[in-house]
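*Asks:* Pasting the sequence and the predicted model now:
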Amino acid sequence: MSNTEAAPAELTCRAEPERRVVQVLTAREVPLGGPRAMRVRRTLPQRARSLVGAWCFADHYGPHDVATGGGMDVAPHPHTGLQTVSWLFSGEIEHRDSSGAHAVVRPGELNLMTGGSGICHSEVSTPGTTVLHGVQLWVALPDEHRHTGRDFQHHVPPVLRLGDAEIRVFLGTLAGRTSPVSTFTPLLGAELVLAPHARLELEVDPAFEHGVLLDTGSVAVAGHDLSPAELGYVGAGGRTLELVNRTGTPARLLLLGGTPFAEDVVMWWNFIGRDHEEIAEFRREWQAESDRFGRVEGYSGTPRRLPAPVLPNARLTPRRGPGRD
């Protein structure tokens, strides 16, 4: 078919952003470290979705006034089969773990702890912290690597300016920037700050599913509005992801992504395993102060270590996200 117009109009054409299905997950409030501790907003895991790629846990807290509500003080506690990712917007947290790592978590700096076969750590806000605000994330380790040894990595990602956005890529690759931090499955983790009324169309890996965790502002993800503390999930298959700041003030978010995690996992308390019996054994060893988890040196709070909760009467069953049944 030919265009038969005698005087065709000159048009400037651009590709329209892909219209994607977005699942909006809301958070629930839980105490961090005990009933007297600061409260956090937990977005993952939940019944509607357990994982985004290998991201399996997301706690979002603050801005928390330490002077009026007390700070963070989480006594030594164990982990298996996962990596922890600490990312702050304000304040500082002192980290100690049984790999021997002793570090201060600061805003804009990645701290990644690997606790495959077993690790324990403590987290305490520093005396100089006035406002504590950030996220704590977990990454599930695949079966072939889930018994790996203890490790700790620190990275300060540079700020990338892309259009009306500032981006810090702390894991994986985005907008031509790649983090040097190693992971055991393909992952993406980045902080984005969008200028007022900014529109950003990002090229993303079509093999990845993505989650947008909104911290401040009002942002539309692929045309779907998010409120603060909500997580917008977008499935794999798209090559672009559109983000729009709906307001006249800056908006901040975390973009998390990864290839769908095909393995079934059992998550209970701070352990990730593969069946009920394995989780029960992890609990028994933690209560017995087994060498599996090592010791945290230098923690002076109380209790000396967090006791494990009582296992439920029913058998623990694997978590499966939609499409993984």
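*Replies:* Yep, it's here.
*Asks:* what's the distance between the residue nearest to the spatial centre of the chain and residue 213?
*Replies:* The centroid of the chain falls nearest to residue 137 when counting by C-alpha atoms, centre = their mean (3.4 Å). Residue 137 sits at a distance of 9 Å from residue 213 (criterion: C-beta to C-beta, to the nearest Å). Any C-beta I mention is one placed from the backbone N, CA and C, and that applies to glycine too.
*Asks:* go on, residue 152?
*Replies:* Counting by C-beta to C-beta, the gap from residue 152 to residue 213 is 24 Å.
*Asks:* show me where the stretch 201-325 of the chain has helices.
*Replies:* Ranges of helices within the stretch 201-325 of the chain are 276-287, based on DSSP state H, counting those that start in this stretch.
*Asks:* Please identify every residue contacting each of residue 137 and residue 213.
*Replies:* Common neighbours of residue 137 and residue 213, using C-beta atoms under 8 Å, 6 or more residues apart in numbering, are 58, 256.
*Asks:* among the helices and strands of this structure, which one scores worst on average pLDDT?
*Replies:* Least confident element among the helices and strands of the chain, by mean pLDDT, DSSP states H and E: helix 66-69 (a mean of 84).
*Asks:* In it, which residues are buried?
*Replies:* residue 66 (16 or more other C-beta atoms under 10 Å).
*Asks:* Give the next helix or strand downstream of it.
*Replies:* As assigned by DSSP states H and E, the chain's next helix or strand after helix 66-69 is strand 73-79.
*Asks:* what's that following strand in contact with?
*Replies:* Outside strand 73-79, the residues that touch it by C-beta under 8 Å, 6+ apart are 32-33, 37, 96, 113, 115, 118-125, 270-272, 282, 286, 293, 295-296, 299, 301-306, 308.
*Asks:* How far off centre is the least confident helix or strand of the chain?
*Replies:* Put simply, helix 66-69 sits 25 Å off its chain's centre (C-alpha atoms, centre = their mean, to the nearest Å).
*Asks:* Contacts for that helix next, please.
*Replies:* With C-beta under 8 Å, 6+ apart as the contact definition, helix 66-69 has outside contacts at 38, 91, 125, 129, 130, 131, 132.
*Asks:* Apply 6 Å and report the result again.
*Replies:* If you take C-beta atoms under 6 Å, 6 or more residues apart in numbering as the criterion, helix 66-69 is touched by 129, 130, 132.
*Asks:* do stretch 128-136 as well
*Replies:* 59-60, 62-64, 66, 86-92, 125.
*Asks:* hang on, the earlier thing: my read is that the residue nearest to the centre of the chain contacts residue 83, right?
*Replies:* No - assessed by C-beta atoms under 6 Å, residue 137 is found out of contact with residue 83, at 8.8 Å.
*Asks:* mind listing the strands for the stretch 201-325 of the chain?
*Replies:* Taking DSSP state E, counting those that start in this stretch as the test, the strands found in the stretch 201-325 of the chain are 209-216, 219-221, 224-226, 231-234, 240-245, 251-258, 266-268, 271-273.
*Asks:* Tabulate those strands (TSV), appending mean neighbour count, mean pLDDT and distance to residue 167.
*Replies:* Listed next are the strands of the stretch 201-325 of the chain as TSV, based on neighbours: other C-beta atoms under 10 Å; pLDDT from 0 to 100; distance: least, C-beta to C-beta, whole Å:
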stretch	mean neighbour count	mean pLDDT	distance to residue 167
strand 209-216	24	98	13
strand 219-221	23	97	14
strand 224-226	18	96	18
strand 231-234	24	97	18
strand 240-245	20	97	11
strand 251-258	25	98	9
strand 266-268	20	95	30
strand 271-273	23	96	29
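*Asks:* so which of those gets nearest residue 148?
*Replies:* Ranking the strands of the stretch 201-325 of the chain by distance to residue 148, with C-beta to C-beta as the measure, places strand 271-273 first at 12.7 Å.
*Asks:* and that closest one, what does it pack onto?
*Replies:* Under the contact criterion of 3 or more C-beta pairs under 6 Å, 6 or more residues apart in numbering; DSSP states H and E, strand 271-273 touches helix 276-287.
*Asks:* Touching the helix it packs on from outside, list them.
*Replies:* For helix 276-287, the external contacting residues (C-beta under 6 Å, 6+ apart) are 78, 80, 266, 268, 271, 273, 292, 308, 315, 316.
*Asks:* nearest to residue 170, of the residues you listed?
*Replies:* residue 80 (23.4 Å).
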